[in-house]
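> I would like the atomic coordinates for the input below:
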Amino acid sequence: MSITHLLRNERFSARRRKCLVFRDIEHLIRLALAMAVAAVAFIFVRAAVIPRSFGQYGHYRADAMAEIAARPIAFAGHQVCEGCHTEVVDQKKLGKHTVVPCEACHGALSNHAEDPASVTPPKLDTAVLCARCHEANSAKPKTFPQVVTADHSGGIACDTCHQPHKPGIESPDKKVAEVKK
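As a prediction, this is how the structure comes out:
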């Protein structure tokens, strides 16, 4: 006979039915205790691992802002660059890179700004640098200039045909012919 059949049987008293339903209650109690212990352990471990400032200003550690602010500034800012490199400013005004800050491409150059004679910025690999922004990607707006660099240049550096500060094409036939020689 199944338990449901026995429970429906009128011969069993309410007390006997209760005994059948809860005959393995010890297992349920053990499971409930194990879950309670696990929950308490989780709360203690979480309190020990997560910093107190986590979540103060959002989903990150608020003390990180003070730590980042304490680091020395590595960027000079485009105003400092434009103060010395006025010829580049004039070129950028004629091109589409007017809004791009200098250090977005050239990297952090506060050391160069402090002592231009001793710190010389490295020559940039335009084939890699330009592709960071201009490699074709369906997620970019259709109006943004995009190229498939492998098909577009055939491995030739971008600055062979384009001047980075004013990226219009500058007599590509002559320059490409010189590079291929």
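
> going by C-alpha atoms from here, please, whenever you check contacts or count neighbours.
Will do.

> just the buried residues of stretch 50-69, please?
Ala62 (16 or more other C-alpha atoms under 10 Å).

> with stretch 87-100 instead?
Buried residues in stretch 87-100, counted by 16+ other C-alpha under 10 Å: 89, 91-92.

> spit out the contact partners of Ala157.
125-127 (C-alpha atoms under 8 Å, 6 or more residues apart in numbering).

> run a quick neighbour tally on Thr160.
Number of residues near Thr160 (other C-alpha atoms under 10 Å) recorded here: 21.

> tell me the confidence at Ile43?
At Ile43, the predicted lDDT confidence score is 96.

> just to be sure, it is in a helix?
Yes - secondary structure of Ile43 (DSSP: H, G, I helix; E, B strand; the rest coil): part of a helix.

> quick check: the gap between it and Pro51.
To Pro51, Ile43 is 13 Å away according to C-alpha to C-alpha, to the nearest Å.

> how near is Pro145 to Cys158?
In terms of C-alpha to C-alpha, Pro145 sits 14 Å off from Cys158.

> likewise Ala108?
The gap separating Ala108 from Cys158 is 22 Å, by C-alpha to C-alpha.

> the two: which has the busier surroundings?
Neighbours per residue (other C-alpha under 10 Å) separate Ala108 from Cys158, with Cys158 holding more: 21 against 17.

> my understanding was that the more buried one contacts Thr126; is that so?
Yes - judged on C-alpha atoms under 8 Å, Cys158 makes contact with Thr126 at a distance of 5.5 Å.

> from the buried residues of stretch 87-100, which land in helices?
Of the buried residues of stretch 87-100, the ones assigned to helices by DSSP state H are 89, 91-92.

> can you list the residues you listed in JSON lines and add distance to Ile29 and pLDDT?
Listed next are these as JSON lines, based on distance: C-alpha to C-alpha, whole Å; pLDDT from 0 to 100:
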{"residue": "Val89", "distance to Ile29": "76", "pLDDT": "85"}
{"residue": "Gln91", "distance to Ile29": "78", "pLDDT": "85"}
{"residue": "Lys92", "distance to Ile29": "75", "pLDDT": "85"}
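
> where's Val40, which helix or strand?
Using DSSP states H and E, Val40 falls within helix 25-49.

> got the buried residues for that helix?
Using 16+ other C-alpha under 10 Å, none of the residues of helix 25-49 count as buried.

> off-centre distance for it?
Here helix 25-49 shows a centroid-to-chain-centroid distance of 36 Å under the convention C-alpha atoms, centre = their mean, to the nearest Å.

> using CSV, write down the CA coordinates of whichever helix or strand comes after that helix.
Counting by DSSP H and E, the next helix or strand C-terminal to helix 25-49 is helix 63-70. What follows is helix 63-70, C-alpha atoms only, in CSV (Å, rounded to 0.1, in the frame of the first residue of the first chain):
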residue,chain,number,x,y,z
ASP,A,63,38.3,54.0,-1.0
ALA,A,64,39.6,53.3,-4.5
MET,A,65,38.8,56.9,-5.4
ALA,A,66,41.2,58.3,-2.7
GLU,A,67,43.9,55.8,-3.8
ILE,A,68,43.6,56.8,-7.4
ALA,A,69,43.6,60.5,-6.5
ALA,A,70,46.8,60.0,-4.5
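
> all set now, cheers.
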